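Undergrad: Okay, predicted coordinates and the sequence, questions at the end:
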Amino acid sequence: MSVVPYRQDSASKKEQVAKMFNSISPKYDFLNHFLSFGIDILWRKKAIRLLKNDNPRFILDVATGTGDFAIEALALKPEQIIGVDISTGMLEIGRKKMTHKGHHQIQLIEGDSENLPFEENKFDAAIVGFGVRNFENLEKGLKEILRVLKPGGKLVVLEFSKPRAFPFKQLYSFYFTHILPRIGKWFSRDASAYTYLPDSVRAFPDGENFVSILSASGYKNTSCRPLTFGISSLYTATK
């Protein structure tokens, strides 16, 4: 059974995830940086640097949220970045951000990662920041991204993972399970959202398990690089 934000709700995971992000969207950016002590910003920068030598002209940002990863990708000087997300609340915040900052190369649209509204072989690169664990069907979402990538195009995924080494594993688990949900609930007023976060991370097949899923989904040159003692991981793969 897949992990969902609202356990008593009969809606699909996809519908519940959209509802959850709509609920927390006004506080999402603040909580993201606050709860990670700002390390998430450095992680995104490292992820984007992995595309520097590829010089992608057209980039797809799946599960874009409010567009922070897309903004980071502007460092690559692409012609266009299209961000896709199922949460209208997150997209509304993101569009205001793009207008305010003058990021006209970034277009944010509502869309489903498992049914992307694009033709085959459209994008030079695809990025996903902390979004793949929210896919209702992980393999289907990955194959759909593969479909819209050009031959030789690269996928970069940044996702939470589970630290393995003592004592960081224990400290991280305590923070993630007991501290983070309380702070998240206080600021967002949605207790389920920040209970779902550690639950979804625990359930996600991280590390070499995710690399195997990428390979089984049709990707080549797959790799995994742990970040900050394994709190998150950077995955790369090509079509």
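TA: Thanks, I have the structure now.

Undergrad: my guess is residue 163 contacts residue 230, does it?
TA: Yes - if you go by Cβ atoms under 8 Å, residue 163 and residue 230 touch, sitting 4.0 Å apart. No exception for glycine: its C-beta is placed from N, CA and C like everyone else's.

Undergrad: which sections of this protein are below the confidence cut-off?
TA: Of all residues in the chain, those with pLDDT under 70 make up the ranges 1, 5, 31, 33-35, 184, 188, 190-191, 193.

Undergrad: at 50 instead, please
TA: Flagging of the chain using pLDDT under 50 yields the residue ranges 1.

Undergrad: so where do the strands sit in it?
TA: Taking DSSP state E as the criterion, the chain contains strands spanning 58-62, 80-85, 106-110, 123-129, 149-160, 220-227, 232-238.

Undergrad: Any idea which of those strands gets closest to residue 195?
TA: With Cβ to Cβ as the criterion, residue 195 lies closest to strand 149-160 of those, at 14.6 Å.

Undergrad: Enumerate the positions of that closest one that are buried.
TA: 149-150, 153-160 (16 or more other Cβ atoms under 10 Å).

Undergrad: from the residues you listed, which is closest to residue 6?
TA: Nearest to residue 6 among those is residue 160, at 20.1 Å by Cβ to Cβ.

Undergrad: Buried residues of the top helix by length along the chain, list them for me.
TA: When the chain is parsed with DSSP state H, its longest helix is helix 13-35. If you call a residue buried by 16+ other Cβ under 10 Å, then helix 13-35 has these buried ones: 13-14, 16-25, 27-29, 31-32, 35.

Undergrad: Now residue 83: closest residue in space that isn't a chain neighbour?
TA: Nearest non-adjacent residue to residue 83, counting by Cβ to Cβ, 6 or more residues apart in numbering: residue 64, 3.0 Å away.

Undergrad: isn't residue 20 right next to residue 194, touching?
TA: No - checked against Cβ under 8 Å, the pair residue 20 and residue 194 is beyond contact range at 9.7 Å.

Undergrad: Compute the number of surrounding residues for the residue nearest to residue 68 when sequence neighbours are not counted.
TA: Closest residue in space to residue 68, ignoring its immediate chain neighbours: residue 44 at 6.6 Å, by Cβ to Cβ, 6+ apart. For residue 44, the neighbour count with other Cβ atoms under 10 Å is 20.

Undergrad: Would you mind measuring from residue 44 to residue 200?
TA: Noted for residue 44: a distance of 19 Å to residue 200, by Cβ to Cβ, to the nearest Å.

Undergrad: and if you look at residue 132?
TA: 10 Å.

Undergrad: quick one, which of the two is more surrounded?
TA: Taking neighbours as other Cβ under 10 Å, residue 132 and residue 200 compare with residue 132 leading, 24 against 19.
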